[in-house]
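Trainee: Following is a predicted model, sequence given first.
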Amino acid sequence: MKTSAFVSAIAFMTAAFGLCDRVVWADGMRCGKRLVSDGDSMYLVQARCGQPDDATHWVEYRAVRVRVGNIWVDRTVEVKYERWTYDFGTDRLIRYALFEDGRLVRVETGPYGEKDS
């Protein structure tokens, strides 16, 4: 099976089984003619995509092992998260941009938007 036929078959099965309503990961997000991708700063994403329609902030604590001299020590570090929601209109899918300590770590795709285009 050729690659394009395979991709088409997967897309058809996804739509047929109602999987389009689930959130899926993407490598980046297109905002008009500009693209943002993993590793971009919050400033750059806002400059290219504008203000998000919604933003959620939270803090999690993560255990890490660091080397101090010749020994390894367990430490707990604070990690700041933000999840920005972009609703580009009813003809496009909602995008969720997840930031970890100010850097874009993933973009998730949700259902079609609610705002009038």
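Mentor: Right, received. Where do you want to start? Bear in mind the structure is a predicted one, so any value in this text is a computation, not a measurement.
Trainee: tell me which residues of stretch 49-59 are tucked away?
Mentor: 49, 52 (16 or more other Cβ atoms under 10 Å). (Each C-beta comes from the backbone N, C-alpha and C, glycine too.)
Trainee: what's in contact with that stretch?
Mentor: Taking contacts as Cβ atoms under 8 Å, 6 or more residues apart in numbering, the residues outside stretch 49-59 that touch it are 29, 31, 34, 36, 46, 78-87, 97, 115.
Trainee: Drop anything exposed from those residues.
Mentor: Buried among the contacts of stretch 49-59 by 16+ other Cβ under 10 Å: 29, 31, 36, 82-87, 97.
Trainee: Distance from the chain centre to the helix or strand hosting residue 29, please.
Mentor: Assigned by DSSP states H and E, residue 29 belongs to strand 28-31. Relative to the chain's own centre, strand 28-31 is displaced by 10 Å; criterion: Cα atoms, centre = their mean, to the nearest Å.
Trainee: Whichever helix or strand comes after that strand: partners in the sheet, and parallel or antiparallel?
Mentor: Going down the chain from strand 28-31, the next helix or strand is strand 34-37, by DSSP H and E. With DSSP bridges as the test, strand 34-37 is paired with strand 28-31 (antiparallel).
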